[in-house]
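> Next comes the sequence, and after it the predicted model I'd like to discuss.
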Amino acid sequence: MRVQPKVIIHGGAGSSLQGKGGLESVRHSLHTIVEGVYSLLLSGATASEAVLQGCKMLEDNPRFNAGTGSVLQSDGQIRMSASLMNGASGRFSGVINVSRVKNPIELAQFLQSSPDRVLSDYGAAELARELQIPSYNALTDLRLQEWIQERQDNFKSTMAGVVAEPELAPSSNAGRGTIGVVVLDTYGCVAAGTSTGGKGFERIGRVSDSAMPAGNYASSYAGVSCTGIGEDIIDECLAAKIVVRVNDGMLLKDAMQRSFTEASQNHRDLGAIALDATGVISWGKTSQVLLAAYHNGEAIGDTLEWNDGQLVGYC
């Protein structure tokens, strides 16, 4: 029996929308991608296919810190991580610190059918060569200038800006960069995908939460994609925690509320989007801003101006 498909996506979290190309620019980018993913779901695409396409669209938008437009690490190199989880099969796959590819999520998708489902740097690069994926330079001028400015300041910032815009001060720490997509397809299956360029200026070899179940997780009951400070997400094991609570019988909104209350009490800086098999869409944040948009089966909405003091919202 077919069900009404649903989708929610995010483009990061942060401290303000100032310097992010303007509220309407960010909204237009997110809404366009939501519309594209939702149309794909209506055409009969599976949850994993829709997540893959949504993540690729977000990776290809240089405004967001994933794929093209990824931040630079302390040595001036781009290293990206991504993961995909198919809730129906219970399979998690991902790549860690891969370079010179346009869409890291494509590698994660290929690994869904591999006996070795999470590969890092050299192994991920070898896989890209085996698949004959063309070498790609994800660097943008804005991200290069951001890194040059930070190098002149002796890397005082702990991370780069989540959204690349000319007016964004490199040292403002206005955002935490990740993109993510969670969908419910017409067959009632859930999937989640997350991709990132990292937090920027980090120590070489640092591993993001985006390619861990802590930051991206799904089951037949629910799916979650996280954003924010990766170390905080890992410490909370946020995505897996929320999904397991739903698996154990908790309503999604209650699982989100409990998990974000705990995260707030632990002084974490993070956000998440979620969706369950009944079609409930939810989002949460301890940061000031969550750049998320969704389609609830009737209309597109977003969280860009959601700042009412609540930790969790849902529809």
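Done, it's in. Please read all numbers here as calculations on a predicted model, not as lab measurements.
> rest of the way, CA atoms for contacts and neighbours
Fine.
> Is the residue lying closest to G205 once chain neighbours are set aside within a helix or a strand, and which one?
Spatial nearest neighbour of G205, excluding adjacent residues (Cα to Cα, 6 or more residues apart in numbering): N97 at 7.6 Å. Using DSSP states H and E, N97 sits in strand 91-98.
> if we can go back for a sec, and the residue nearest to G205, what does it touch?
Shown in contact with N97 (Cα atoms under 8 Å, 6 or more residues apart in numbering): 79-81, 120-121, 205, 207.
> Now a PyMOL select for only the buried ones of the residues you listed.
The PyMOL selection below is limited to those of those classed as buried (16 or more other Cα atoms under 10 Å):
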select buried, resi 79+80+81+120+121+207
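> Among the contacts of N97, name the ones in helices.
Counting by DSSP state H, the contacts of N97 place D121 in helices.
> Out of the contacts of N97, the closest to V51 would be?
Among the contacts of N97, S81 lies closest to V51 (Cα to Cα), at 15.5 Å.
> give the contact list for the closest one.
S81 makes contact with 94-98, 104, 195-198, 208, 210-211, according to Cα under 8 Å, 6+ apart.
> Now do the same for V224: helix, strand or coil?
At V224 the chain is in strand, as set by DSSP: H, G, I helix; E, B strand; the rest coil.
> For the nearest residue to it once chain neighbours are set aside, which residues are in contact?
Of all residues not flanking V224 in the chain, A274 sits nearest, at 4.4 Å (Cα to Cα, 6+ apart). A274 sits next to 8, 182, 222-225, 281-283 when contact means Cα under 8 Å, 6+ apart.
> Repeat that for D209.
Contacts of D209 (Cα under 8 Å, 6+ apart): 215-216, 230-231, 233-234.
> change it to 7 Å
The contact partners of D209, by Cα atoms under 7 Å, 6 or more residues apart in numbering, come to 215, 230, 233-234.
> Show the subsequent helix or strand relative to the longest helix seen in the chain.
In the chain, taking DSSP H as the definition, the longest helix is helix 23-42. Using DSSP H and E, the helix or strand that follows helix 23-42 towards the C-terminus is helix 47-60.
> sorry, back to before: in the longest helix of the chain, which residues are buried?
26-27, 29-31, 33-35, 37-38, 40-41.
> for stretch 75-95, same thing?
Neighbour-count burial for stretch 75-95 flags 76-88, 91-95 (criterion: 16+ other Cα under 10 Å).
> If we ignore the residues flanking it in sequence, what's nearest V34?
Nearest residue to V34, sequence neighbours excluded (Cα to Cα, 6+ apart): Y294, at 6.2 Å.
> whoops, D232 was the one
In space, D232 is closest to R268, 5.5 Å off (Cα to Cα, 6+ apart).
> pLDDT score assigned to the one you found?
pLDDT recorded at R268 is 96.
> neighbours around it, how many?
R268: 21 surrounding residues under other Cα atoms under 10 Å.
> Roughly how far does the closest residue to L41 other than its chain neighbours sit from G271?
Leaving out its chain neighbours, the residue that sits closest to L41 by Cα to Cα, 6+ apart is D185, at 5.9 Å. Distance, D185 to G271, using Cα to Cα, to the nearest Å: 23 Å.
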